[in-house]
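Visitor: dropping a prediction and its sequence here:
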Amino acid sequence: MQISRKWTHHITTLLFFGFGLWSLWDGFRGDGEAEELAEVEAKLDAEWKANKGTTKVSSKADDDLKKKRRQFLSQFFSPIFLKAFSITFFGEWGDKSQLATIGLASDENPFGVVLGGVLGQALCTTAAVLGGKSLASQISEKLVALSGGVLFLVFGIQSFLSTAEP
């Protein structure tokens, strides 16, 4: 089953408006993700201190192994990891570069295509993170949310005013 271009156009228009309103809501709400991150870090720190205070009969080696395993898992499966993974995964799913990669893999060595794709994505993500980090020191998170919301609304208006191609 295939969704018609008309329906895709309408869904895209609604998504632009939805993301725009959501970003504006976050921007006007003002607390931002920095406060949420601080709250999560405080909860994790409190839980870690509470667990550290309990004594068990197990050996010190077992405790050290559990601490290392817990630190490893908390680093790689933290909320920020899951958020970054889902944004990247769903953002790339079905886009033109993925389709081009599928075509390339059908004719070339799949290992080379995977390695090239992973390195290319890693470089793009690194540039985005470093650029975003330097911009974050220059402008506020609230301004980013508000300007992003306005841009999404502009895209929504443009999409609403244009017609879907058959």
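Guide: That came in fine, so what should we check first?

Visitor: immediately after the helix or strand that residue 122 is a member of, which helix or strand?
Guide: Secondary structure assigned from DSSP states H and E places residue 122 in helix 110-138. Once the chain leaves helix 110-138, the next helix or strand it forms, by DSSP H and E, is helix 141-161.

Visitor: just how off-centre is that next one within its chain?
Guide: 18 Å (C-alpha atoms, centre = their mean, to the nearest Å).

Visitor: list the contacts for residue 88?
Guide: By C-beta atoms under 8 Å, 6 or more residues apart in numbering, residue 88 lies in contact with 121, 125. Bear in mind the C-beta positions are built from the backbone N, C-alpha and C, glycine included.

Visitor: residue 155 versus that one, what's the distance?
Guide: Distance from residue 88 to residue 155, counting by C-beta to C-beta, to the nearest Å: 21 Å.

Visitor: that older thread, just the angle for the helix holding residue 122 relative to helix 141-161, thanks.
Guide: Orientation of helix 110-138 against helix 141-161 (axes from the mean of the first three to the mean of the last three C-alpha atoms, to 10 degrees) gives an angle of 120 degrees.

Visitor: and helix 110-138, how far out from the chain middle?
Guide: On C-alpha atoms, centre = their mean, the centre of helix 110-138 falls 13 Å from the chain's centre.

Visitor: list the buried residues for it?
Guide: 113, 117 (16 or more other C-beta atoms under 10 Å).

Visitor: now swap in stretch 21-30 and tell me
Guide: In stretch 21-30, counting by 16+ other C-beta under 10 Å, buried: 23-24, 26-27.

Visitor: list of residues touching it?
Guide: Contacts of stretch 21-30 (C-beta under 8 Å, 6+ apart): 32, 142-146, 148-150, 152-153.

Visitor: residue 145: how many residues sit nearby?
Guide: By the criterion of other C-beta atoms under 10 Å, residue 145 has 21 neighbours.

Visitor: could you measure from the residue lying closest to it once chain neighbours are set aside over to residue 80?
Guide: Nearest residue to residue 145, sequence neighbours excluded (C-beta to C-beta, 6 or more residues apart in numbering): residue 27, at 3.4 Å. As judged by C-beta to C-beta, residue 27 and residue 80 stand 20 Å apart.

Visitor: wouldn't residue 98 be in contact with residue 90 here?
Guide: No. Judged on C-beta atoms under 8 Å, residue 98 makes no contact with residue 90 at a distance of 11.4 Å.

Visitor: so for these two, which sits in the more crowded spot?
Guide: Legend: neighbour count by other C-beta under 10 Å for residue 98 and residue 90, higher for residue 98 (12 against 9).

Visitor: assign a three-state SS to the more buried one, would you?
Guide: With DSSP: H, G, I helix; E, B strand; the rest coil as the basis, residue 98 sits in helix.
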